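Task: produce atomic coordinates for the following.
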Amino acid sequence: MRILITGACGFVGSVVACALRERLDGLDVVGLDNLARPGSEVNRRRLREEGLRVVHGDIRLPSDLEGVPRCDWIIDAAANPSVLAGVDGKTGARQLVEHNLVGTLNLLELARRWNAGFILLGTSRVYAIAALRAIPLMSLPQRFAPDPAASVAGLNPEGVTESFSTAPPLSLYGSAKLASETMALEYGATFGLPVFINRCGVMAGAEQFGKADQGIVSFWIRSYAARRPLRYIGFDGSGRQTRDCLHPADLATLLAIQMRAGQVADLPRIVNVGGGLASSFSLAELSAWCADRFGAHEARADLTPRPFDVAWLILDATLARTSYDWQPTRTRDAIFAEIAEHAARHPEWLRLSED
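Have a look, this model is predicted:
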């Protein structure tokens, strides 16, 4: 079997590419990347050392896809991953939509021509900001948590489920990804293609290039170890905003299961993919973990609100676990330790992220 992974030189794409070869016998992986992001060349070298083919191309340009060899599956891991894209002054709104929607449409056309399966790596940020902000929260000593007495549609004690509201506003990023979900499902139904959509939460691991708006776990641990300035942005400046994290190698296990399943009628096509409550953390808790490992370093409060920030978002991945017999294997603390160990070996990693 041959698969195409777009965004192959990004953190998630590169880890998934290598991990899938360990999970699927005889797999031929073709990676595609526009090499525009900082650190892309580092990952391209690593993929080539692993014997994987990497093609330079941009999914926004159909002509760049013409020379890609026919594949049985396409994994769409190419996107601008920042929820601030389009409003941060670094990326235009049109450019964001071209990356995160038009690029996906070009890949769906490729899947149609090839009669190939299609897996979209989606995002938890398709869930409505207003609904997320309306969740009644308790202020615990180191984190926010939903009030257990509250009744909210699409929310249970394990987290946000797939039935939670996706009504806009979501962010330009979230809206483009939600539109991509709709088009992927339509192509699957119209042309008889196996399609899966995995709504991923915070991804984290050793090779992630850390920035404050993407790769927050890597950014925080590496910055803390290097004694760089850190800020608890928004809310009450205490760092109690809370997420869950997942290693992309665990995501790869699910992707392998989905590709083996193919067009099985009774499998869900949209699932949350995250570590859930077991891997959840607040920035304050992450700082406490770092203090134990590296010694004390203060993060200052910055009460300036940012667009699209939410105080709490943990994904309930029960549907993925029960439908695919899938379970993350890497714990939160194991992921943190992996990043810290990589940071010790590669103190230049933060600079690579910024270049």
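
Can you give the contact residues for stretch 311-323?
The contact list for stretch 311-323, computed with Cβ atoms under 8 Å, 6 or more residues apart in numbering, reads 124, 127, 132-133, 135, 137, 144-146, 156, 158-162, 198-199, 201, 235, 240-244, 254, 267-268, 271-277, 280, 326-328. The C-beta positions use only the backbone N, C-alpha and C, and glycine is treated the same way.

Identify the residues contacting residue 74.
3-4, 6, 107, 110-111, 114, 116-119.

Which ones among these lie within helices?
Counting by DSSP state H, the part of the contacts of residue 74 found in helices is 107, 110-111, 114.

Let's see which of the contacts of stretch 311-323 end up in helices.
Counted as lying in helices by DSSP H, out of the contacts of stretch 311-323, are 132-133, 254.

what's the spacing between residue 299 and residue 293?
15 Å (Cβ to Cβ, to the nearest Å).

Which one's more surrounded, these two?
Under the neighbour definition other Cβ atoms under 10 Å, residue 299 and residue 293 were set side by side, and residue 299 has more, 21 against 13.

any idea of the pLDDT on the residue of the chain positioned farthest from its centre?
For the chain, the largest distance from the centre (Cα atoms, centre = their mean) belongs to residue 149, which lies 30.5 Å off. Note on residue 149: pLDDT of 95.

Ok, residue 73 next?
98.

any chance you could read off phi and psi for it?
Reported as degrees, to the nearest 10, the phi and psi values for residue 73 are phi -140, psi 150.

That one: neighbour count?
Neighbour count of residue 73, defined by other Cβ under 10 Å: 25.

coming back round to it: from the ones in helices among the contacts of residue 74, which is closest to residue 224?
Distance to residue 224, by Cβ to Cβ, is smallest for residue 107 among the ones in helices among the contacts of residue 74, at 37.5 Å.

Next up, the contacts around that closest one.
Taking Cβ under 8 Å, 6+ apart as the contact definition, residue 107 lies against 6, 59, 65, 74, 76, 118.

Would you point out the most distant pair within those?
Of all pairs in the contacts of residue 107, the most separated under Cβ to Cβ is 65 and 118 at 13.6 Å.

neighbour-wise, which of these two wins?
Using other Cβ under 10 Å as the criterion, residue 65 and residue 118 rank with residue 118 on top: 26 against 21.
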